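>>> Fold the following, please.
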Amino acid sequence: DRINVTGPLPADTLFRRAAAGEFDAVVAMYHDQGHIAFKLIGFQSAVNITLGLPIVRTSPSHGTAFDIAWQRPADPSGMIEAILIAAKLAT
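Just a heads-up that it's a prediction; the model follows:
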């Protein structure tokens with residue numbers, strides 16, 4: 001299969017286009033450049049995937065959230081999504 005790659009593209013419009021379905025994936029060269037838009041688009045359902053490691057590594061977009069761990073306001077949906085994606089990538 002061939003991979004269709006476009007870019008580089010300006011970050012200020014790229015993520016809006018990606019959210020509209022124009023791209024299957026976005027590669028950001030800087031953590032903050034990607035995560036700000038990523039979290040605005042889908043904070044609870046977004047999953048961070050680290051590439052180039054010998055293992056599958058995913059994490060929920062909200063990070064560890066230690067400040068609300070073991071409290072009622074904690075929402076496990078981001079972690080559940082990260083686990084499901086890790087399982088899919090591992091197979």
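
>>> helices and strands around the helix or strand containing Ile36, which ones?
Here Ile36 sits within helix 31-42, counting by DSSP states H and E. Counting contacts by 3 or more CB pairs under 8 Å, 6 or more residues apart in numbering; DSSP states H and E, helix 31-42 packs against helix 11-19. Bear in mind the C-beta positions are built from the backbone N, C-alpha and C, glycine included.

>>> which of the residues in the helix or strand bottoming out on mean pLDDT in the chain are buried?
Using mean pLDDT, DSSP states H and E, helix 31-42 stands out as the lowest-scoring helix or strand of the chain, at a mean of 80. Using 16 or more other CB atoms under 10 Å as the test for burial, helix 31-42 gives Gly34, Ala37, Phe38.

>>> Spatially nearest residue to the second one, not counting backbone neighbours?
If the residues on either side of it in the chain are set aside, Ala37 comes closest to Phe15, at 3.5 Å by CB to CB, 6 or more residues apart in numbering.

>>> Could you check how far the one you found is from Asn48?
15 Å (CB to CB, to the nearest Å).

>>> now swap in Glu81 and tell me
Taken as CB to CB, the span from Glu81 to Asn48 is 11 Å.

>>> what's the overlap in contacts for the two?
Common neighbours of Glu81 and Asn48 are listed as Pro60 (criterion: CB atoms under 8 Å, 6 or more residues apart in numbering).

>>> what's the domain layout of this structure?
1-42, 43-91 (automatic domain parsing).

>>> how long is stretch 40-60 end to end?
14 Å (CA to CA, to the nearest Å).

>>> For stretch 80-88, list the C-alpha coordinates in CSV.
Provided in CSV are the C-alpha atoms of stretch 80-88 (Å, rounded to 0.1, in the frame of the first residue of the first chain):
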residue,chain,number,x,y,z
ILE,A,80,-10.3,3.1,28.7
GLU,A,81,-9.9,4.6,25.2
ALA,A,82,-6.1,4.5,25.6
ILE,A,83,-6.2,0.8,26.6
LEU,A,84,-8.5,-0.1,23.8
ILE,A,85,-6.2,1.6,21.2
ALA,A,86,-3.1,0.0,22.7
ALA,A,87,-4.8,-3.5,22.5
LYS,A,88,-5.7,-2.8,18.8
